[in-house]
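Enquirer: okay, sequence plus prediction incoming.
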Amino acid sequence: MKRIVIALFAVAFATVAAADGAAVYAAKCKACHGAAGEGTKMAPDAIKGKDSAKVIAEGKGKMKPVKLEAADAKAVADFVKGLK
């Protein structure tokens, strides 16, 4: 029974983290990178499926570093990596 409770807690926590990554992406990244990371006129290179943790923290090219809490940055990076 204890294992079931722990497993349910882990699944619930993982779901919350994924939702937070999607919400932060929608608020901070979507305007330039597109809803599915496909790129836009502002940022034409697709980012979907890429590991973006370093770029979020340090910036790249014209993109300046994004100031996010470490957990939010990881959640966004995980979300972007999962985009297909």
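Expert: Done, it's in.
Enquirer: going forward, measure contacts between C-alpha atoms and count neighbours the same way
Expert: Noted.
Enquirer: any low-confidence regions in the protein?
Expert: The model of the chain has pLDDT under 70 over residues 2, 4-19.
Enquirer: if we use 80, what do you get?
Expert: The chain contains residues with pLDDT under 80 at 1-19, 84.
Enquirer: which SS state does the residue most central in space within the chain fall under?
Expert: Nearest to the mean C-alpha position of the chain, by Cα atoms, centre = their mean, lies V76 at 1.6 Å. Three-state assignment for V76 (DSSP: H, G, I helix; E, B strand; the rest coil): helix.
Enquirer: three-state assignment of the nearest residue to it once chain neighbours are set aside?
Expert: Closest residue to V76 apart from its sequence neighbours, by Cα to Cα, 6 or more residues apart in numbering: G21 at 4.2 Å. Assigned with three-state DSSP, G21 falls in the helix class.
Enquirer: ok so, going back, from T40, how far off is the residue nearest to the centre of the chain?
Expert: Taking Cα to Cα, to the nearest Å as the measure, V76 falls 18 Å from T40.
Enquirer: got it, and A23?
Expert: 19 Å.
Enquirer: can you check S52 too?
Expert: Following Cα to Cα, the distance that separates S52 from T40 is 17 Å.
Enquirer: thanks a lot, see you next time.
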